[in-house]
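Asker: Give me the fold of what follows.
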Amino acid sequence: MLHGNPQTHAMWHKVSPELANNYTVICPDIPGYGKSFKPTLSHNHEGHSKVQMAADMLEFMTNLGYDTFYVVAHDRGARIAHRLALDFPNKVIKIILLENKLQ
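Answerer: Now for the predicted structure:
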């Protein structure tokens with residue numbers, strides 16, 4: 001589960017216990033948020049790109065022992081999840097993307 005901006009993994013505190021009844025639930029802080037690592041600054045901001053953050057999340061899941069996984073994501077996390085699905089379609093089983101629309 002990938003959170004939005006400016007949240008952290010804690011935004012899922014009401015949803016994740018329910019999902020945990022049927023799934024293994026992992027709620028990391030996306031790079032640069034909460035207690036996650038901070039991407040290295042560079043002139044082109046590559047470490048802060050959605051492409052790089054998607055690769056970082058894939059590495060995280062691989063390190064935890066998951067070859068494939070579902071992704072639920074909100075806001076900025078949804079953009080990262082979208083990149084995960086585009087760049088690593090053999091790793092993402094399904095995605096659910098949530099977005100707020102201001103009226």
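Asker: only C-alpha atoms for contact and neighbour calcs from this point on.
Answerer: OK.
Asker: Could you pick out the longest helix of the protein?
Answerer: Criterion DSSP state H: the longest helix present in the chain is helix 50-63.
Asker: That one packs against which elements?
Answerer: The contact analysis (3 or more Cα pairs under 8 Å, 6 or more residues apart in numbering; DSSP states H and E) places helix 50-63 against helix 76-87.
Asker: re earlier: how far is the longest helix of the chain from where the chain is centred?
Answerer: The chain centroid and the centroid of helix 50-63 are separated by 8 Å under Cα atoms, centre = their mean, to the nearest Å.
Asker: now swap in stretch 6-13 and tell me
Answerer: In terms of Cα atoms, centre = their mean, the centre of stretch 6-13 is set 11 Å apart from its chain centre.
Asker: swap in stretch 55-64?
Answerer: The gap between the average C-alpha position of stretch 55-64 and the chain average comes to 10 Å, counting by Cα atoms, centre = their mean.
Asker: Stretch 56-76 too?
Answerer: Centre-to-centre, stretch 56-76 and its host chain are 6 Å apart (Cα atoms, centre = their mean).
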